[in-house]
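**Q** Fold the stuff below for me.
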Amino acid sequence: MSKNRLLVVEDDHDISNMLHIYFSGLGYDVEIAPRGGDALEKTRQIMPHLIILDIMLPDIDGYEVCTRLRMNTRTSHIPIIFLTQKDERSDKLQGLELGADDYITKPFDIDELRLRVQNAIARSERESLTDAQSGLPSGRLIEDQIRKIIREKNWALLDIRINQLDSFKEAYGFIASNDVLRFTGMFLGDVLDEVGTEKFDFIGHAGGDNFVIIADYPVAAVLRDKLISKFTEMIKTHYNFIDRDKGYLTVQKPDGTKVQTPLMTLSVGMVSPVTHQFSDIREITELAAEDRRRGS
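**A** Modelled structure (predicted):
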């Protein structure tokens with residue numbers, strides 16, 4: 001099972017250090033951000049499964065951080081728990097109105113916080129809001145995002161597939177395969193940050209080896225080409241030096257025969273209202289998948 005990623009946004013070093021030690025001991029990957037600006041940057045970089053957010057921060061306050069995260073399509077799905085000394089009823093209502101999932105006041109019971117973190121992440125995954133491996137939006141959130149843009153202009157949807165992931169999993173095991181999925185989610189975000197315009201920028205994990213990006217149409221072709229070329233090079237670090245040198249894997253089939261399979265690559269299909277007409281969201285995804293298969 002992959003580790004869930006937590007982002008703790010807290011300027012009190014003692015509290016942040018304690019939370020880092022405690023949740024790391026429970027098997028979480030924990031990142032610390034002492035300032036609101038750091039929190040916004042780290043969220044885009046690591047795409048945490050949940051954010052523990054203080055309100056009183058040295059630059060922008062937690063309310064502003066929450067607002068910006070909820071307004072951004074890349075981060076709007078991430079569960080947020082406020083952890084703060086502000087214990088007035090009006091403070092709690094303001095936090096919840098901004099879209100926070102929970103609100104805990106200091107001093108707090110660490111076991112209660114642990115349960116609230118577990119429940120919030122489980123609820124998000126159960127409702128098909130996020131993928132357990134990548135932490136990216138999945139299921140209903142992807143569908144909702146496509147519904148939002150279907151009447152807009154100048155967007156493009158990229159249907160992305162990791163080729164030969166099954167062969168890699170067969171040779172290297174499911175833990176290494178999960179690492180590839182997490183890497184791919186972060187890789188897509190890095191390239192979109194480099195090329196995208198933030199007008200439509202959205203990344204989703206449709207499941208398994210399949211990802212989705214929505215981007216501004218004028219940059220979509222450049223984005224597609226850069227994803228394919230950079231992935232081909234960067235994914236090689238997930239192989240041992242022997243397989244990298246050969247340029248292929250040797251995988252044994254159930255009947256005992258051995259076959260050579262290429263190293264992993266990306267196939268990317270692209271559709272846009274600039275080039276296609278759609279009647280519903282299902283047609284968008286079908287045409288994108290068809291374009292991906294033609295190019296694979």
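**Q** Below-threshold pLDDT in this protein: ranges please.
**A** 1-2, 128, 296 (pLDDT under 70).
**Q** Looking at the record's assignment, how would you partition it?
**A** If you go by automatic domain parsing, the domain ranges for the chain are 5-126, 142-295.
**Q** Looking at those, which is nearest to G135?
**A** Closest to G135 of the domains of the chain is domain 5-126 (C-beta to C-beta; 4.6 Å). Placement of C-beta: from N, CA and C, glycine included.
**Q** Could you work out the end-to-end span of the closest one for me?
**A** Terminal residues of domain 5-126 are spaced 17 Å apart (C-alpha to C-alpha, to the nearest Å).
**Q** Show me how far it is from its chain's centre.
**A** 17 Å (C-alpha atoms, centre = their mean, to the nearest Å).
**Q** All the helices of the stretch 151-296 of the chain, residue numbers only.
**A** Using DSSP state H, counting those that start in this stretch, the helices of the stretch 151-296 of the chain run over residues 165-172, 174-195, 217-234, 241-246, 281-295.
**Q** For I228, see how far away N119 is.
**A** Here N119 is placed at a distance of 39 Å from I228 (C-beta to C-beta, to the nearest Å).
**Q** Can I get the helices of the stretch 151-296 of the chain in JSON lines including mean neighbour count and distance to R44?
**A** JSON lines is the format used below for the helices of the stretch 151-296 of the chain (neighbours: other C-beta atoms under 10 Å; distance: least, C-beta to C-beta, whole Å):
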{"stretch": "helix 165-172", "mean neighbour count": "18", "distance to R44": "25"}
{"stretch": "helix 174-195", "mean neighbour count": "18", "distance to R44": "6"}
{"stretch": "helix 217-234", "mean neighbour count": "16", "distance to R44": "16"}
{"stretch": "helix 241-246", "mean neighbour count": "11", "distance to R44": "30"}
{"stretch": "helix 281-295", "mean neighbour count": "16", "distance to R44": "24"}
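**Q** Make CSV out of those and add distance to I110.
**A** What follows is the helices of the stretch 151-296 of the chain, written out as CSV (distance: least, C-beta to C-beta, whole Å):
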stretch, distance to I110
helix 165-172, 37
helix 174-195, 27
helix 217-234, 38
helix 241-246, 44
helix 281-295, 43
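**Q** nearest to N154, of these?
**A** N154 lies closest to helix 217-234 among these, at 4.5 Å (C-beta to C-beta).
**Q** Could you check the angle that closest one makes with helix 281-295?
**A** Calculated by axes from the mean of the first three to the mean of the last three C-alpha atoms, to 10 degrees, helix 217-234 forms an angle of 50 degrees with helix 281-295.
**Q** just checking, what packs against helix 217-234?
**A** strand 155-163, helix 174-195, strand 265-271 (3 or more C-beta pairs under 8 Å, 6 or more residues apart in numbering; DSSP states H and E).
**Q** now these in a markdown table, with distance to K3?
**A** Formatted as a markdown table, the helices and strands packed on helix 217-234 follow (distance: least, C-beta to C-beta, whole Å):
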| stretch | distance to K3 |
| --- | --- |
| strand 155-163 | 21 |
| helix 174-195 | 9 |
| strand 265-271 | 25 |
